[in-house]
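Asks: I'll drop the sequence and a predicted model, then ask my questions.
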Amino acid sequence: MPIRFFNTLTRTKEVFEPIAAPHVGLYTCGPTVYNFAHIGNLRTFLFEDLLRRHLKYRGYQLQHVMNLTDVEDKIIRTCRETGESLKSLTGRFAQAFFEDLDTLGVERAEIYPAATDHITEMVDIIKKLRENGHTYEANGSIYFKLSSFPQYGQLSKFKLDELKTNASGRVDSDEYETEDARDFALWKAYDDDDGAVFWETELGKGRPGWHIECSCMSMKYLGESFDIHCGGIDNMFPHHENEIAQSEAATGKRFVKYWLHSAHLFVDNRKMSKSLGNFYTLRDLLAKGHDPIAIRWALISTHYRQPSNFTFEGLEAATESLRRVRDFRRRLEEVRIAGDGLGELDASCEKAFGDALDDDLNISGAIAAVFDFIREVNKLIDSEVTGKGGAERALALLDRVNTVTGLFGAGAKEETPAEILALVTERQQARRAKDFKRADEIRDQLLGAGWVLEDTPDGPRVKKA
RNA sequence: GGCGGCAUAGCCAAGUUGGUAAGGCAGAGGCCUGCAAAGCCUUCAUCCCCCGGUUCGAGUCCGGGUGCCGCCUCCA
């Protein structure tokens, strides 16, 4: 079954055919590092993580680039307001960003280029655009002349004349130095508000516009034409549209073959906002005691093009699903009888799992395939058909689907404290003596201490509640 | 005003080229258990926002309508 992706350029699912298989060039718009990522940002990064893991699972060799935007209006404003230097601010939050990725089990991209490390390359592209007649200057700033790129709007399907009409009603022309309100800045001339944030270049003293960094860094590391470019749907216009204009005007080549955009995350059916009190960072959720993989589950388990609604009820459901997976793994590890007895269940599960993801990353179908597998194997363990050999194969399957999803791993090893084990032993003695009252007291006591006790045919076991 | 998306059980959510509604959570009953827990079984949408149409047959295509949301300005 071929891989198919919904390409925003054509608004259809297309068979994925890389420009130079088995190599795949993937560029994903990264964070603006001036504060902590919120769970909406993280949803997009998790979708991109699923994409990269599945491409690797299918044997592609990935070159995945994610930029770090470390110079931009909001960053400069924050620096001005707090007095912190740009390097210090962006360094702190870049580190926090990587910590969040680690917490959620997000694989690292091959390259994380920072905008401020690529000023020279950006200047080169802007010069090239200037030579080709795609720019004009106003008050020291350099703008992209949209009228020089008639194909503009191919991604968002916005029409140039309509944009113009509507912009005129909303934009105070006094604030625009551009010839046309639709034009966007490639290079911004220095302003006193920029403080210490500027570069002296052939284009003058100033800083790059926001859009140019992605054109520059994607083409530097992936070539002038590459396979996949991702981002949140809100970046489709104007950011990605502008990237296409800059890049294709500069090179004369098609910039990107497949554009994939993820839908937004809502919280309690509302757009996240601090004023509504429904704005969460990963750290907020961890502080409430939620398992990071359960958070991963909640954020990744809705198809990426579907608007998703985050709720704590949903997070609890994800936590339960994860508990079920981990209990199943533990059960497999404890199978003692000899033999295999798994049949073709692992192969059929993996087939259904892979087919689902091949179809534009249908994660719901993929998860369903694994749950079908879990139910069938549990049944076979109950009836003592599946033995140790089969259990090992089942665990191997879980490990494989885990490399793609990050949802089916073992979870942290829990060391059972000696005093807990002592209570378990004492309870066993009570049970043997038919002192069930005492046995139940101890079980309640354990639960109070955060440990769930389960009696199995092979004896009692405890796990963290 | 322009462009676009979404509406499936209490909640989340999947449904290829139309063929007779995945999966998870929660709930109910049962098996198992000293009792539980875990696991398993059964149950949980005669119906997929509404109204028309095409078809032997539509959640799935066409037309109309209602509701919610997004983008057009920084935004994952």
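Replies: That came through, no problem. Numbering: from 1, shown residues only, chains lettered A, B, ... in the order given.

Asks: can you give me the strands for the stretch 201-350 of chain A?
Replies: Remark: strands assigned in the stretch 201-350 of chain A by DSSP state E, counting those that start in this stretch are A:204-208, A:226-232, A:256-262, A:265-267, A:270-271, A:308-310.

Asks: out of these, which gets nearest to RNA strand B?
Replies: strand A:226-232 (1.8 Å; CB to the nearest atom of the strand). C-beta coordinates here come from the backbone N, C-alpha and C atoms, glycine included.

Asks: quick one: strands adjacent to that closest one?
Replies: As defined by DSSP bridges, the strand partners of strand A:226-232 come to strand A:23-28 (parallel), strand A:256-262 (parallel).

Asks: got those as TSV, with mean pLDDT, distance to A:Leu51 and mean neighbour count columns?
Replies: Formatted as TSV, the strands paired with strand A:226-232 follow (pLDDT from 0 to 100; distance: least, CB to CB, whole Å; neighbours: other CB atoms under 10 Å):
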stretch	mean pLDDT	distance to A:Leu51	mean neighbour count
strand A:23-28	96	7	24
strand A:256-262	93	7	22
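
Asks: right, so of these, which gets closest to A:Arg443?
Replies: strand A:256-262 (45.3 Å; CB to CB).

Asks: can you list contacts of that closest one?
Replies: A:5-9, A:14, A:16, A:19, A:27, A:43-44, A:47-48, A:51, A:155, A:218, A:225-233, A:235-236, A:240, A:244, A:304-305 (CB atoms under 8 Å, 6 or more residues apart in numbering).

Asks: so which of the residues you listed are also by RNA strand B?
Replies: Among the contacts of strand A:256-262, the ones lying near RNA strand B by CB under 7 Å from any atom of the strand are A:Arg43, A:Thr44, A:Gly231, A:Gly232, A:Ile233, A:Asn235, A:Met236.

Asks: tell me which helix or strand the first one sits in.
Replies: Put plainly, it is A:Arg43. helix A:39-57 (DSSP states H and E).

Asks: just the buried members of the contacts of strand A:256-262?
Replies: A:5-9, A:14, A:16, A:27, A:43-44, A:47-48, A:51, A:155, A:218, A:225-233, A:235-236, A:240, A:244, A:304-305 (16 or more other CB atoms under 10 Å).

Asks: centre of the chain versus the longest helix anywhere in chain A, how much separation?
Replies: The longest helix of chain A (DSSP state H) is helix A:312-333. Averaging C-alpha positions (CA atoms, centre = their mean, to the nearest Å) puts helix A:312-333 21 Å from its chain's average.

Asks: how about stretch A:30-45?
Replies: So, by CA atoms, centre = their mean, the centroid of stretch A:30-45 is 9 Å from its chain's centroid.

Asks: follow-up on the earlier one: output the contacting helices and strands for the longest helix of chain A.
Replies: Counting contacts by 3 or more CB pairs under 8 Å, 6 or more residues apart in numbering; DSSP states H and E, helix A:312-333 is packed against helix A:292-300, helix A:363-382, helix A:388-405, strand A:459-464.

Asks: keeping just the C-alphas, turn the first one into CSV.
Replies: As requested, C-alpha coordinates have been extracted for helix A:292-300 and formatted as CSV (Å, rounded to 0.1, in the frame of the first residue of the first chain):
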residue,chain,number,x,y,z
PRO,A,292,3.8,12.7,29.9
ILE,A,293,3.0,9.8,27.6
ALA,A,294,-0.7,10.1,28.5
ILE,A,295,-0.3,13.8,27.4
ARG,A,296,1.4,12.6,24.2
TRP,A,297,-1.5,10.2,23.7
ALA,A,298,-4.2,12.9,24.2
LEU,A,299,-2.4,15.2,21.8
ILE,A,300,-1.5,12.8,19.1
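
Asks: give me the distance between that helix and the centre of its chain.
Replies: Worked out by CA atoms, centre = their mean, helix A:292-300 lies 11 Å from the chain centre.

Asks: immediately after the strand or helix carrying A:Ile75, which helix or strand?
Replies: For A:Ile75, the host element (DSSP H and E) is helix A:73-82. Downstream of helix A:73-82, the next assigned helix or strand under DSSP H and E is helix A:86-104.
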